[in-house]
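Q: sequence and computational prediction follow.
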Amino acid sequence: MPVALLVLIFAVLTVLVLVSVRLLVTGCVQRSIPELALAAFFLFGGAVTFGFELVAREFLTDSLEWQTRFRTVSYLGARVPAVAIALFTWRVFRPTGRWAALLFTLISGTMLALSVNHLVLGHSTPGSGAAFWLGVTTTVVALGWAMADSFAYYRSSVRKLALGLTTAVVTNRFLLWSVWSGAAMLILVGKVSVILLFELDAPFTTARGAFAVIQSFLGLTCVTALTLTFYPPTAYKRWVESRASATFAAN
């Protein structure tokens, strides 16, 4: 794996771990389900899923037994993020919505069934089988749900901002959350697209290079949006507030 890509992956994992620790502490202190759900999302989606898979692929090639163990942990960890982000979206954006509760139940039930299936039947070949595609589809649905609801809240918050009922920084966070979840969803879609191109015997070398560039850009977008959401610099908050003031002054 190229050194530049390893550095990028390490940067993404570092941000995810830092965010998850902050959310875990906040969630435990406040006994808040949304914060704990997000902590689980970033911890399992980052350090566990990608971290264990990266170690297995890059550093355990000489030990099939340990490589299998690490990949099993990675696979099971990858079932958690969809459930966690669905729980967060449900409890934050639609806590009283019956269809939202039903959707969360379907997502969590699907991931639980896939985990049990994996433990009973063993590791399936990546990129193949009904279990793989069901897991990918479920995760895409969960991320798409987060993106759609956060963007809807952003638009609603813009109207409240005009009435002085919220702040520009809070409004901007809804937009950043929508950007992050949308970019994460596209990363997964891109990964699946590469798998499909490989199975269809497409010009894979050229396509893989193009997708690598796109994936890197989307990964950078995720890191930037998450950093600005949880650790916004003072200069950035001032820019957001001044931009909002200028916009409403012009109108």
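A: Perfect, I can see it now. Numbering: from 1, shown residues only.
Q: just give me the residue closest to the centre of this structure.
A: Ala184 (4.8 Å; C-alpha atoms, centre = their mean).
Q: find the helix or strand that that one is a member of.
A: helix 168-199 (DSSP states H and E).
Q: rounded mean pLDDT for that helix, please.
A: For helix 168-199, mean pLDDT rounds to 85.
Q: surely Met185 meets Met147?
A: Yes: at 6.3 Å, Met185 and Met147 qualify as touching, with contact defined as C-beta atoms under 8 Å. Bear in mind the C-beta positions are built from the backbone N, C-alpha and C, glycine included.
Q: got a list of what the closest residue to Leu175 other than its chain neighbours touches?
A: Distances taken as C-beta to C-beta, 6 or more residues apart in numbering put Tyr154 closest to Leu175, at 4.6 Å, once the chain neighbours are dropped. Neighbouring residues of Tyr154 by C-beta atoms under 8 Å, 6 or more residues apart in numbering: Thr171, Phe174, Leu175, Ser178.
Q: buried stuff in the stretch of helix or strand Tyr154 belongs to?
A: If you go by DSSP H and E, Tyr154 is part of helix 130-162. Buried residues in helix 130-162, defined by neighbour count with 16 or more other C-beta atoms under 10 Å: 132, 135-136, 138-143, 145-147, 149-151, 153-154, 157-158, 161.
Q: what does stretch 63-82 give?
A: Residues of stretch 63-82 classed as buried: 67, 70-82 (neighbour count, 16+ other C-beta under 10 Å).
Q: then stretch 33-41?
A: For stretch 33-41, a neighbour-count test (16+ other C-beta under 10 Å) marks Pro34, Glu35, Leu36, Ala37, Leu38, Ala39, Ala40, Phe41 as buried.
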